[in-house]
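J.: Dropping a prediction and its sequence here:
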Amino acid sequence: MTYAIIETGGKQVMVEPGRFYDVELLHVEPGEAVTIDKVLFVRHEDDAHVGQPWVEGATVEGKVLEHRRGRKVIVYKMQPKKKTRKKRGHRQELTRFAVERISVNGTVLAESDAFEGMGSASEPTEVVAEVAETTAE
């Protein structure tokens, strides 16, 4: 299992290739690639790279899927016997970020299988054509 611990938005997140994560707002348009170089720790099988504070040459590459808003948090402040009440809500701006690959010093340690076949559309149409022929018979 290969994973990395990255820092983004003042928080540390453990990420794996092929999964998506909601992180603090990144100022990047949806569909664009993002490279995060603030990598604190990388684990690949029995090999571990620990940063002080960051691992030299380590990057996590991915794609921004969408921008969204988090769940509403209600903040209610009250002082008893003073008739003072304040109710305020907050929704955090988030970015859904899909991790494609983890690399150290240019060597790709792990890459997502979900993103490899996105460029070629001829393979799925051939499979659909074969299924259509077998169901017609």
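T.: Looks like it arrived, so ask away.
J.: Next up, identify which helix or strand the residue nearest to H49 when sequence neighbours are not counted is on.
T.: Nearest residue to H49 in three dimensions, chain neighbours excluded: V42, at 4.3 Å (CB to CB, 6 or more residues apart in numbering). To be clear about C-beta, it is placed using only N, CA and C from the backbone, and glycine gets the same treatment. Element membership for V42, per DSSP states H and E: strand 39-44.
J.: can you map out the helices along this structure?
T.: For the chain, the helices defined by DSSP state H occupy 122-136.
J.: May I have the beta-bridge partners of E7?
T.: With DSSP bridges as the criterion, E7 is bridged to Q12.
J.: In contact with G10, which residues?
T.: E24 (CB atoms under 8 Å, 6 or more residues apart in numbering).
J.: Backbone torsions only: list them for it.
T.: phi 80, psi 10 (degrees, to the nearest 10).
J.: do you know how far it is from D22?
T.: Counting by CB to CB, to the nearest Å, the gap from G10 to D22 is 14 Å.
J.: likewise K38?
T.: 18 Å.
J.: ditto for L40
T.: Using CB to CB, which is the criterion applied here, L40 is 19 Å from D22.
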